[in-house]
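# Pasting a predicted model and its sequence here:
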Amino acid sequence: MKQRIFTIAIIFCLMSLAACSSGANTVEKSTPQPSEQTLPNVISLWIPPFIPSGLLNALKISKNILTDTTEEKADIRLDVGNDYPVSTWVYALVAPFPTVADEVSLKDLQGFWRGDSNVNFPAKRIIMEGGTQAIFTKLWGNPSVSIISSVSVDMLLSTAWQEKTTWAIIPFEQIEPKWKVIRVEGQSPIHKDFNLKTYPLSVPFTFVGKSGIVEKFYDSFGPTTANPIVPSTNRDPNKMTVVAETGVTALVRGTAYLMEQKGITYPAQDIGEILRNADITHISNEVPFWPSCPKPFSNPENDRNMVFCSKPEYIQLLEAVGTDVVELTGDHFRDWGPEPMLYTLDMYDQRGWKYYGGGRNIDDAEKPALFENNGNKIAFLGCNAKLIGYATASATNPGAVHCDLDVMAKKIQEVVQQGYNPIFTFQHIEYYAYKADPVLVKDFHKVAEAGAVIVGGSQAHMPGALEFYRGATLHYGLGNLFFDQYTEGLETRKAFIDMHIFYNNKYINTELITMEFVDMARPRLMTAAEREYLLKDVFFASGW
């Protein structure tokens, strides 16, 4: 009997142990392990004082995130680093616009930062806002206090321009037209081929904090979540537009002859890709196309009197460079009368190209050419400011539009009210000097005062001076793009393409592309020595 009772007791005990064991397992599953820690109801986030203002202003802080805290008490910190990457902020090395140097290596930039006397650096000092200095100190180590210094944001540009050899490091969002953006390791944040991952001045920001919390915080508020609190970057390529503005095109005489001999697209051999890569490519084509146009140099009287036309097949050159908008303010658009002008406009319409500064009648000629690209609204307007005989647009006749600057000012103001950035170009009096003619200065100023952000001189057969006036960039002459003045002097062999940069519907910068003609048709990019020589001449003529 005792044995039976003992056996029952053992069975009961074993059953009890099984029950105990089962209960323990249930409790264990319902209790979170440290690695599965949930976020507290309120999280403290420390934002250091060096965080750039653009990033700070774009933070999206939810109700349960407390930012009024100290670094020591914070659950999470925003810092420079790659542990839990949340943002990459783009900075630019910039110099006063009239700076000749174009590029530096990262090695030389960091050597200059440290005060290495063996580095031959183009600047004598680099300035930046205090937060920017703190960030790059974290990345590059302590700077040389004698050549690296902090300056308030509102004093950076004026300080650099006053000292001339002082450069700056600024966030991308602070780029403006009076800065020149310097390439670092061949890269510039105003270029379309910019690589965010390999650019040396891309700064990573990360979350740092308490183990278990920082992981959950990143999973809840990081860049791949539905509610990221930190903007991923300050440079979105989908908000940028590059406009290529060019000088005189006239596919006649020697240019046409070489096109016949070497191929219609021969003149674009060296610079075609630059123009094609722009989002909007501007061409100032002064000459009408016409099927009966004679072969080049076959009519000496027309050449002598400068009565010009181009064969229709020559339009293949304009196609090859990616033309988007054609300026019609030129003197020679009317050379062969109304029918060729209308024929030419039909050719542009067939290709979907917009045109301005001329048209089928006066109303058509005064209309702006409007573009919207990547959120940027850009309007082209222009007129011919020479004697009225060059501009034949009227109520019943096609041609270029003559400049009535009061009318043009109203047109500019209208597009500004519609949210467009106006680019205004003149066919104006021709002169052969770098310095701006006072007559042009007066007219350029008037359209800038009306609201144009860029004003260009399309009449010039050689490069001209630049000016910054009331927030606008004025370039009094770009020189030729495709025209045969190679034999007319050394200065007519030189020219600019202006690459205008728009971001978030704002004009932010211009890059000067310099060219040298090799013959009567074909420009190429200048060598470093040629470019330095031209830039120094033009900057001096600009009063810089």
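Perfect, thanks for sending it.
# Domain map for the chain?
Using automatic domain parsing, the domain ranges for the chain come out as 43-234, 241-541.
# which of these is buried the deepest?
Comparing those on average neighbours per residue, with mean count of other Cβ atoms under 10 Å, the densest one is domain 241-541 at a mean of 20. C-beta here means a position set from N, CA and C on the backbone, and glycine is covered the same way.
# Quote the end-to-end distance of that one.
From its first residue to its last, domain 241-541 covers 30 Å (Cα to Cα, to the nearest Å).
# Name all residues that make contact with the residue nearest to residue 142 when sequence neighbours are not counted.
Leaving aside its chain neighbours, residue 142 sits nearest to residue 114 (7.9 Å; criterion: Cβ to Cβ, 6 or more residues apart in numbering). If a contact means Cβ atoms under 8 Å, 6 or more residues apart in numbering, then residue 114 has 140, 141, 142, 143, 144 as its contacts.
# all helices for the stretch 1-150 of the chain, in order.
With DSSP state H, counting those that start in this stretch, the ranges of helices along the stretch 1-150 of the chain come out as 2-30, 53-58, 106-114, 130-140.
# Please apply the same query to the stretch 401-544 of the chain.
Listed in chain order (using DSSP H, counting those that start in this stretch), the helices of the stretch 401-544 of the chain are 405-417, 438-450, 528-541.
# is it true that residue 461 touches residue 480?
Yes: under the criterion of Cβ atoms under 8 Å, residue 461 lies in contact with residue 480, with a separation of 5.6 Å.
# Can you list the low-confidence ranges for this protein?
For the chain, the stretches with pLDDT under 70 are 1-37.
# give me that answer again for 50
Counting by pLDDT under 50, the chain shows low-confidence ranges at 1-35.
# Which parts of the stretch 251-400 of the chain are helices?
With DSSP H, counting those that start in this stretch as the criterion, the stretch 251-400 of the chain has helices at 253-262, 272-277, 300-305, 315-320, 338-350, 362-366.
# With residue 131 as the reference, name the closest of those.
Among those, helix 272-277 comes nearest to residue 131, with 34.3 Å by Cβ to Cβ.
# what comes into contact with the closest one?
If you take Cβ under 8 Å, 6+ apart as the criterion, helix 272-277 is touched by 192-193, 242, 244, 246, 265, 268, 281, 320-322, 497, 513.
# Let me know the closest of those to residue 387.
Minimum distance to residue 387 across the contacts of helix 272-277 is 24.8 Å, recorded for residue 246 (Cβ to Cβ).
# so that closest one makes contact with residue 483?
No: if you go by Cβ under 8 Å, residue 246 and residue 483 don't touch, sitting 10.9 Å apart.
# related to what we said a few turns ago, could you check how far the residue nearest to residue 142 is from residue 135?
Going from residue 114 to residue 135 by Cβ to Cβ, to the nearest Å gives 16 Å.
# picking up where we left off before, which of the contacts of helix 272-277 fall within strands?
Members of these lying in strands (criterion: DSSP state E): 242, 244, 281, 497, 513.
# who's in contact with the residue lying closest to residue 504 once chain neighbours are set aside?
Beyond its immediate neighbours in the sequence, the residue positioned closest to residue 504 (Cβ to Cβ, 6+ apart) is residue 239, lying 4.9 Å away. Contact analysis of residue 239 by Cβ under 8 Å, 6+ apart lists 374, 375, 376, 503, 504.
# could you dump those to CSV with distance to residue 160?
Formatted as CSV, the contacts of residue 239 follow (distance: Cβ to Cβ, whole Å):
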residue, distance to residue 160
374, 29
375, 30
376, 27
503, 21
504, 24
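# Narrow those residues to those in strands?
Per DSSP E, the contacts of residue 239 map to strands at 376, 503.
# Name the nearest of the contacts of residue 239 relative to residue 457.
Top of the list for closeness to residue 457, among the contacts of residue 239 and by Cβ to Cβ, is residue 376 at 23.5 Å.
# Return the residues in contact with that closest one.
Here residue 376 is in contact with 239, 240, 241, 421, 502, 503, 504, 505 (Cβ under 8 Å, 6+ apart).
# For the second one, which residues are in contact?
Looking back up the chat, that one is residue 240. With contacts taken as Cβ under 8 Å, 6+ apart, residue 240 has the following neighbours: 190, 192, 374, 376, 501, 502, 503.
# Also the fifth one?
Contacts for residue 502 (Cβ under 8 Å, 6+ apart) come out as 240, 241, 242, 243, 376, 378, 421, 508.
# Kindly recompute the last result at 7 Å.
By Cβ atoms under 7 Å, 6 or more residues apart in numbering, the contact set of residue 502 is 241, 243, 376, 378, 421, 508.
# Quick check: bridge partners of the third one?
Assessed by DSSP bridges, residue 376 has beta-bridge partners residue 373.
# mind pulling up the phi and psi values for the nearest residue to residue 146 once chain neighbours are set aside?
The shortest distance from residue 146 to any residue that is not its chain neighbour, by Cβ to Cβ, 6+ apart, is 6.6 Å, and that residue is residue 115. Taking degrees, to the nearest 10, you get phi 90, psi 20 for the backbone angles of residue 115.
# My guess is residue 115 contacts residue 142. True?
No: using Cβ atoms under 7 Å, residue 115 makes no contact with residue 142, being 9.6 Å away.
# List of residues touching stretch 421-430?
Counting contacts by Cβ under 7 Å, 6+ apart, the residues outside stretch 421-430 that touch it are 284, 327, 329-331, 357, 377-386, 400, 412, 415-416, 437, 439-440, 443, 447, 451-459, 461, 502, 507.
# Hmm, residue 189 is touching residue 174, no?
No: distance between residue 189 and residue 174: 11.4 Å, which falls outside the contact criterion (Cβ under 7 Å).
# Which residues are in contact with the closest residue to residue 286 other than its chain neighbours?
Counting by Cβ to Cβ, 6+ apart, residue 286 lies nearest to residue 330, which is 2.8 Å off, once chain neighbours are set aside. With contact taken as Cβ under 7 Å, 6+ apart, residue 330 is in contact with 284, 286, 400, 427.
# which two in the residues you listed are spaced the farthest apart?
Farthest pair in the contacts of residue 330, by Cβ to Cβ: 284 and 400, 11.0 Å.
# how close does residue 406 get to residue 250?
Separation of residue 406 from residue 250 (Cβ to Cβ) stands at 30 Å.
# again, but for residue 520
In this structure, residue 520 lies at 11 Å from residue 250, with Cβ to Cβ as the measure.
# same deal with residue 148?
When Cβ to Cβ is applied, the distance between residue 148 and residue 250 equals 50 Å.
# same deal with residue 305?
From residue 305 across to residue 250, the span is 14 Å (Cβ to Cβ).
# picking up where we left off before, among the contacts of residue 502, list the two that are farthest apart in space.
Maximum pairwise distance among these (Cβ to Cβ): 12.8 Å, between 378 and 508.
# just to revisit the earlier point, just put the helices of the stretch 401-544 of the chain in TSV and tack on distance to residue 124.
Converted to TSV, the helices of the stretch 401-544 of the chain look like this (distance: least, Cβ to Cβ, whole Å):
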stretch	distance to residue 124
helix 405-417	40
helix 438-450	32
helix 528-541	18
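# Residue 122 is nearest to which of those?
helix 528-541 (11.4 Å).
# what angle separates the helix or strand where residue 160 lies from helix 130-140?
Using DSSP states H and E, residue 160 sits within helix 156-163. Orientation of helix 156-163 against helix 130-140 (axes from the mean of the first three to the mean of the last three Cα atoms, to 10 degrees) gives an angle of 80 degrees.
# thinking in terms of the whole chain, how far from its middle is helix 156-163?
Taking Cα atoms, centre = their mean, to the nearest Å, one finds the center of helix 156-163 at 22 Å from the center of the full chain.
# Neighbouring strands - and their directions - for the next helix or strand after it?
Moving toward the C-terminus from helix 156-163, the first helix or strand encountered (DSSP H and E) is strand 166-171. Paired strands of strand 166-171, with direction, are strand 85-96 (antiparallel), strand 125-128 (parallel) (DSSP bridges).
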